[in-house]
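>>> give me the fold of what follows.
(one chain, ligands or ions: 1)
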Amino acid sequence: MMKTILKSAKETVVISPEEPTRLIGERINPTGKKRLAAALNDGDLSIVKQEAEEQVAAGADILDVNVGAAGVDEVDMLPKAVQLVMETVDVPVCIDSADPVALEAALKVHRELAPEGKPLINSVNGEEERLEAVLPLVAEYGAAVIGLAMDDDGIPPDSEKRFAVVRKIVERAEGLDIPREDIVIDCLALTVGADSQAAVVTLGAMRLVQEELGLNMTLGASNVSFGLPEREVINWAFLAMAIQNGLNCPIVDPAKVRQAVLAADLLLGRDDYAMRYIKAYKQRG
Ligand code: THG
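Sure, this is the predicted structure:
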């Protein structure tokens, strides 16, 4: 079975079809959060610290760290945010930036603070330029990486073409001796409000990845419900379907989805005697 192993200085998290679904907390990200964007512009990381603590308390197993917003120098701020998260909580981090220079600056800080650690890089995709910029960082820093199912032509409209991009990323990674275990695939959740087939296409690509390659998979799952009322209901249903198709480390707001994910794991036979489900219920009091 495919095991992606992530490590902070103090904790190891195993992502695998044999493990419970791991939650990557999405909230350290200024997208749609004016207050966080403004604070980052002022060099103020107090919200980052608070979001780190709250998400781990809500059940996050890994924390995504993204500081990309208009006016923010990511090369300066991303390593600072990663350092603060590593000093605040024990969970491994997922370093999220479109800028390879910012990624490398954050990877350096990660290596200093956790020489034996292993972060997740978010992300590479099938674009030539991204493959050439990001995969060498994955190899050099011994990280794991999220591979997005899109390339120079954009996000393919059908499952088979998305899967073809996934194959390409895996082949290119193997060319640099990056093991398959260190690649986590994102088949990309798009908005069902804009295209009724959007979720079906994503789920179809995931089924192909699950059956043909057995790789671990993530998704920014909440994209699926964008613009619709009662988004949580749609997100819960989609998460359950995606978990059945191999999603095992979604990028989510843990406080909003933890119960739905525990229910999906229970229904898929991955929670003996419903121990995890019941324990989480009791902890909520
Ligand atoms: N795949 C991968 N990485 C990703 C994404 C993905 N990283 C970024 C994003 N998508 C996942 N993270 C977020 C972060 C915030 C929001 C959505 C996805 C978000 N924020 C609220 C909003 O815009 O309304 C803010 C509201 C609040 O404060 O809660 O939706 O797909 N690999």
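
>>> near the ligand, which residues of the stretch 101-250 of the chain?
Within reach of the ligand by Cβ under 6 Å from any ligand atom, the stretch 101-250 of the chain has these residues: 122, 123, 146, 186, 218, 220, 222, 223. Just so you know, the C-beta spots here come from the backbone N, C-alpha and C atoms, and that holds for glycine as well.

>>> so what's the residue count around the fifth one?
Each residue near residue 218 was counted by other Cβ atoms under 10 Å, and the total is 29.

>>> which ones are touching it?
Going by Cβ atoms under 8 Å, 6 or more residues apart in numbering, residue 218 touches 24, 146, 184, 185, 186, 247, 248, 249, 250, 251.

>>> quick one: contacts for the fifth one?
Right, residue 186. 123, 146, 147, 148, 149, 217, 218, 219, 220.

>>> keep only those of those that are in helices.
Judged by DSSP state H, the contacts of residue 186 include no members of helices.

>>> just the helices in the stretch 51-200 of the chain please.
Using DSSP state H, counting those that start in this stretch, the helices of the stretch 51-200 of the chain run over 74-88, 100-113, 128-141, 159-175, 198-208.

>>> any idea which residue sits dead centre in this protein?
Per Cα atoms, centre = their mean, the C-alpha nearest to the average position across the chain is that of residue 251, at 4.4 Å.

>>> please report the distance of the residue nearest to residue 245 when sequence neighbours are not counted from the ligand.
In space, and not counting its chain neighbours, residue 245 is closest to residue 206: 4.1 Å by Cβ to Cβ, 6 or more residues apart in numbering. Per Cβ to the nearest ligand atom, to the nearest Å, residue 206 is found 13 Å from the ligand.

>>> any idea how far residue 206 is from residue 6?
Distance, residue 206 to residue 6, using Cβ to Cβ, to the nearest Å: 21 Å.

>>> give the residue from the two that has the larger number of neighbours.
Higher neighbour count among residue 206 and residue 6: residue 206, with 29 against 26, using other Cβ under 10 Å.

>>> now do the contacts for the closest residue to residue 113 other than its chain neighbours.
Among residues not flanking residue 113 along the chain, residue 86 sits closest, at 5.1 Å (Cβ to Cβ, 6+ apart). Residue 86 makes contacts with 8, 9, 93, 110, 113, 114, as judged by Cβ under 8 Å, 6+ apart.
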